[in-house]
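In: Pasting the sequence and the predicted coordinates here, then a few questions.
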Amino acid sequence: MLMLFAERADAKRKPDIQVPYLYVDMGAAVLCASFMSFGVKRRWFALAAAMQLSISTYASYIGEQVHYGDWLKVRMYSRSLAIIGGFLVLASGAGEVYRQKHRTRSLQSTGQVFIGVYLICMVYSLQHSKEDRQAYLSHVPGGEVTLTLMMLLLGVLALAFLSGWYVRQAAQALATALPLVVLLIDGNMGYWHGTRKVEFWNQMKLIGHNVGIFGAALILATDG
């Protein structure tokens, strides 16, 4: 985030959030990340991180300081929603090696729903966004047929996360597919930054979000 706003400062563009609130938002994010990394009150700070990201995403959406294309909005906000879901999964106690308290199933279920919505947004983008379709068609053999099968698979995974059925199996499939998406699709900087004019550090942020979603999928795949 800091590098993205530095890139915009060089280009004399505004950040997503007004500057006084931006520093508070970044400070809260660093604080939550630090405590979660050291395992100090991980559940509480994961929940705080989910709230922090929810507020900053909402402030970015209503602030309209930066104008994005509709296809890019779907990519950005759906991934933020999935990251919020990942924090909720972590806040539920899932993935803890030595669990001293019972996990909070309601938080885990809510987090799974958010990840399911993210998958639905992926299906929507692959069906209606020419930018996303072209990114996949240039790397996926089989053309439109393979792309249609991918949309069906993503739809099935979304239903699993939304319904709460076969979540572990769905998370295992998602954790297997996401590294390929990050490397082949998101990592194609020549396409996103060069052709589609997505800011370099904004695309790096989107890659980081997918890595975070991958982490949430791993947690659910092993302890769902």
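Out: Thanks, I have the structure now. Note that this is a predicted model, so its numbers are computed, not measured.
In: gap between the host helix or strand of residue 216 and the chain center?
Out: If you go by DSSP states H and E, residue 216 is part of helix 200-223. Distance of helix 200-223 from its chain centroid, counting by C-alpha atoms, centre = their mean, to the nearest Å, is 6 Å.
In: export it as PDB, just CAs?
Out: This file holds the C-alpha atoms of helix 200-223, laid out as PDB (Å, rounded to 0.1, in the frame of the first residue of the first chain):
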ATOM      1  CA  PHE A 200       2.400  -1.500 -11.000                       C
ATOM      2  CA  TRP A 201       2.000  -1.500  -7.200                       C
ATOM      3  CA  ASN A 202      -1.800  -1.800  -7.500                       C
ATOM      4  CA  GLN A 203      -1.200  -5.000  -9.400                       C
ATOM      5  CA  MET A 204       1.300  -6.100  -6.800                       C
ATOM      6  CA  LYS A 205      -1.300  -5.500  -4.200                       C
ATOM      7  CA  LEU A 206      -3.800  -7.700  -6.100                       C
ATOM      8  CA  ILE A 207      -1.100 -10.400  -6.200                       C
ATOM      9  CA  GLY A 208      -0.600 -10.100  -2.500                       C
ATOM     10  CA  HIS A 209      -4.300 -10.400  -1.900                       C
ATOM     11  CA  ASN A 210      -4.400 -13.600  -3.900                       C
ATOM     12  CA  VAL A 211      -1.500 -14.900  -1.800                       C
ATOM     13  CA  GLY A 212      -3.500 -14.100   1.300                       C
ATOM     14  CA  ILE A 213      -6.500 -15.900  -0.100                       C
ATOM     15  CA  PHE A 214      -4.200 -18.900  -0.800                       C
ATOM     16  CA  GLY A 215      -3.200 -18.800   2.900                       C
ATOM     17  CA  ALA A 216      -6.900 -18.900   4.000                       C
ATOM     18  CA  ALA A 217      -7.600 -21.700   1.600                       C
ATOM     19  CA  LEU A 218      -4.600 -23.700   3.100                       C
ATOM     20  CA  ILE A 219      -6.100 -23.200   6.600                       C
ATOM     21  CA  LEU A 220      -9.500 -24.500   5.500                       C
ATOM     22  CA  ALA A 221      -7.900 -27.300   3.500                       C
ATOM     23  CA  THR A 222      -6.200 -28.600   6.600                       C
ATOM     24  CA  ASP A 223      -8.500 -27.600   9.300                       C
END
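In: List the buried residues in that helix.
Out: For helix 200-223, burial by neighbour count (16 or more other C-beta atoms under 10 Å) applies to 201-210, 212-221, 223. For glycine as for every other residue, the C-beta is placed from the backbone atoms N, C-alpha and C.
In: Residue nearest the middle of this structure, spatially speaking?
Out: In the chain, the centroid-proximal residue (C-alpha atoms, centre = their mean) is residue 79; its distance is 2.8 Å.
In: Just the element for that residue, please.
Out: Per DSSP H and E: helix 70-91 holds residue 79.
In: and the angle for that helix with helix 200-223?
Out: 40 degrees (axes from the mean of the first three to the mean of the last three C-alpha atoms, to 10 degrees).
In: Use 5 as the first number from now on
Out: Renumbered: residue one is now 5, and that last one reads helix 74-95.
In: And residue 120, which helix or strand is it part of?
Out: helix 109-132.
In: Next, the buried residues of the first helix or strand past that helix going along the chain.
Out: Note on helix 109-132: by DSSP H and E, the next helix or strand toward the C-terminus is helix 134-141. Judged by neighbour count using 16+ other C-beta under 10 Å, the buried positions of helix 134-141 are 135, 136, 137, 139, 140, 141.
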